[in-house]
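[1] no sequence for this one, just the structure:
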């Protein structure tokens, strides 16, 4: 019997495909756990959908991320932003001004979830029984989050807010509040001092953490809304120093915009 080249290739694919699929499935390993049985989040991660080595083309529209790729491979998704009418007008003004009002222009750190899915900057988790420390290369900032303990009485409003955590099954649930006014949770989505963010970190296997953030701000939005992303383990990557102010020309270029009124000059309706 004569076997054509096409027939041979088809047969070869039929033989190798199950092997390849099996190898891919075998590559997914179980979630590491601590001595007390909790998922261990410890490691360095990148916002991406790809397993394995660093994704140099991680897509997105946030600072530090290249644009132009298909959103089908984007690690992040979000609900439609439910702005109040006055806030939608303000957000549109920001877009019309090409986001020159963006606090990151002036090197001001932004609340998670904005700094979490910035794909070109890694995130490191260091977990103990009593706390999780999250270190962000972007803006060179960190969060020290106690687990199972309340916040102290003497805390102050902060750009990253103040956070406490507890375990909800295999998910680390983090509640952040007491933010400084004016942070952006995503591009153009400014917030007030009433912002609350409930984050869920679920390490579904050795390589992947599913991240979800529920955003509530009754002064700006009509209802809560959600941002989601996936964080992929990057074993050969470390968090390095990032200094936003070094060689930053944006503040000089936009000096005139520094004279702009406060975000809340227009009083929202009661």
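    Thanks, I have it. Quick caveat: nothing in here was measured; it's all calculated off a predicted structure. Numbering: from 1, shown residues only.
[2] wait, residue 108 sits on residue 141?
    No: the criterion here is C-beta atoms under 8 Å, and residue 108 misses it with residue 141 at 10.6 Å. For glycine as for every other residue, the C-beta is placed from the backbone atoms N, C-alpha and C.
[3] which residues are common contacts for those two?
    Common contacts of residue 108 and residue 141 (C-beta atoms under 8 Å, 6 or more residues apart in numbering): residue 159.
[4] and residue 144, how many residues sit next to it?
    11 (other C-beta atoms under 10 Å).
[5] Can you verify my assumption that it contacts residue 133?
    Yes: between residue 144 and residue 133 there is a contact at 5.1 Å, judged by C-beta under 8 Å.
[6] quick one, what contacts residue 130?
    Neighbours of residue 130 in contact, by C-beta under 8 Å, 6+ apart: 146-149.
[7] Kindly provide the distance from it to residue 38.
    Distance, residue 130 to residue 38, using C-beta to C-beta, to the nearest Å: 12 Å.
[8] Centre-most residue in this protein?
    residue 116 (2.3 Å; C-alpha atoms, centre = their mean).
[9] Give me the distance between that one and residue 123.
    From residue 116 over to residue 123 (counting by C-beta to C-beta), the distance is 7 Å.
[10] And residue 45, by the same measure?
    5 Å.
[11] Can you check which residues contact both of the two?
    residue 231.
[12] Residue 112 belongs to a helix?
    No: counting by DSSP: H, G, I helix; E, B strand; the rest coil, residue 112 is not part of a helix but coil.
[13] any idea of the mean pLDDT for the host helix or strand of residue 229?
    Here residue 229 sits within strand 225-233, counting by DSSP states H and E. For strand 225-233, mean pLDDT rounds to 96.
[14] start at 52 instead
    Understood, numbering begins at 52; the last thing we discussed is strand 276-284.
[15] Name the residues of that strand that come out as buried.
    Judged by neighbour count using 16 or more other C-beta atoms under 10 Å, the buried positions of strand 276-284 are 276, 278-284.
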